[in-house]
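>>> Take this sequence and fold it.
(2 chains)
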Amino acid sequence: QQQVKQSPQSLIVQKGGISIINCAYENTAFDYFPWYQQFPGKGPALLIAIRPDVSEKKEGRFTISFNKSAKQFSLHIMDSQPGDSATYFCAASRETSGSRLTFGEGTQLTVNP
Amino acid sequence: ETGVTQTPRHLVMGMTNKKSLKCEQHLGHNAMYWYKQSAKKPLELMFVYNFKEQTENNSVPSRFSPECPNSSHLFLHLHTLQPEDSALYLCASSLDYSPLHFGNGTRLTVT
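Residues are numbered from 1 along each chain as shown, chains lettered A, B, ... in the order given. Below you'll find the predicted structure:
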């Protein structure tokens, strides 16, 4: 049973545009929601994370929006750049550690110059 | 350099072969993980070790055998694999309540 559903599977955005990736979760015990970024030939790397006590977290051009009642969270990439082209994974955890993660299926983002 | 080093980067093996994947972390972490990454599927947690003790085995077939001799090293021994086991195998580590740090993976092809 897929506990974290991610969409879209792939996304093409023009340089300077906004990239939006959505995730929905089922387990209300989840209390930590990270996003990982993976470039070809590399392992995933933590990009940004949020806990359910806040509705939004921003780090540079990357923002997580969190809707606890809808059990949804999303990643927004402002002013998208070709260097942002990568696969993005959302994840969720029921521990404060963030180590026992349940991952979404991933979104392949392409930012055209 | 991610702090988590995996070798080899690529491995091709026949179904009757025996091979091992190696992972080493230089971050002083106490927990290590094996994940399987297949195309268009979520990362699948395979095994978790905490202070060398296996704490999680997510119903992984016995043809995958993990070994964790200390908190810095993790192995995945492979034998009589199937073509559907072809995937990217990722090692990760963490320290108590810290996020996962992944290695760059071993791309495994089973012929």
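
>>> In space, what's closest to residue A:15 - neighbours in sequence excluded?
residue A:113 (5.3 Å; Cβ to Cβ, 6 or more residues apart in numbering or on different chains). In short, each C-beta sits where N, CA and C put it, glycine included.

>>> The helix or strand where residue A:57 lies packs against which elements?
Following DSSP states H and E, one finds residue A:57 within strand A:56-59. Strand A:56-59 is packed against strand A:45-50, strand A:62-67, with contacts defined by 3 or more Cβ pairs under 8 Å, 6 or more residues apart in numbering or on different chains; DSSP states H and E.

>>> go with 10 Å
Under the contact definition 3 or more Cβ pairs under 10 Å, 6 or more residues apart in numbering or on different chains; DSSP states H and E, strand A:56-59 sits against strand A:45-50, strand A:62-67, strand A:72-77.

>>> Where does pLDDT dip in chain B?
B:1-2, B:97 (pLDDT under 70).

>>> Provide the backbone phi and psi angles at the closest residue to chain B within chain A.
Using Cβ to the nearest Cβ, the closest approach of chain A to chain B is made by residue A:43 at 3.3 Å. The phi/psi pair for residue A:43 (degrees, to the nearest 10) reads phi -80, psi 160.

>>> which ones are touching the residue nearest to it when sequence neighbours are not counted?
Leaving aside its chain neighbours, residue A:43 sits nearest to residue B:102 (3.3 Å; criterion: Cβ to Cβ, 6+ apart). Residue B:102 is in contact with A:36, A:38, A:42-46, B:2-4, B:6, B:33, B:35, B:37, B:43, B:90-93, counting by Cβ atoms under 10 Å, 6 or more residues apart in numbering or on different chains.

>>> List buried members of those by neighbour count.
Buried residues within the contacts of residue B:102, defined by neighbour count using 16 or more other Cβ atoms under 10 Å in any protein chain shown: A:36, A:38, A:43-44, A:46, B:2, B:4, B:6, B:33, B:35, B:37, B:43, B:90-93.

>>> ok, so of these, who is nearest residue A:89?
residue A:36 (4.5 Å; Cβ to Cβ).

>>> strand partners of the lowest-mean-pLDDT helix or strand in chain A, parallel vs antiparallel please.
Least confident helix or strand of chain A, by mean pLDDT, DSSP states H and E, is strand A:102-103 with a mean of 92. Its sheet considered, strand A:102-103 pairs with strand A:86-92 (antiparallel) by DSSP bridges.

>>> and the strand it pairs with with strand A:72-77, angle?
Put simply, strand A:86-92 runs at 150 degrees to strand A:72-77, going by axes from the mean of the first three to the mean of the last three Cα atoms, to 10 degrees.

>>> okay, strand A:86-92 in PDB with CA atoms only?
C-alpha atoms of strand A:86-92 as PDB (Å, rounded to 0.1, in the frame of the first residue of the first chain):
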ATOM      1  CA  ALA A  86      16.800  16.500 -11.200                       C
ATOM      2  CA  THR A  87      14.500  13.900  -9.700                       C
ATOM      3  CA  TYR A  88      12.600  15.100  -6.500                       C
ATOM      4  CA  PHE A  89      11.300  12.800  -3.900                       C
ATOM      5  CA  CYS A  90       8.900  13.600  -1.100                       C
ATOM      6  CA  ALA A  91       8.900  11.500   2.000                       C
ATOM      7  CA  ALA A  92       7.300  11.200   5.300                       C
END
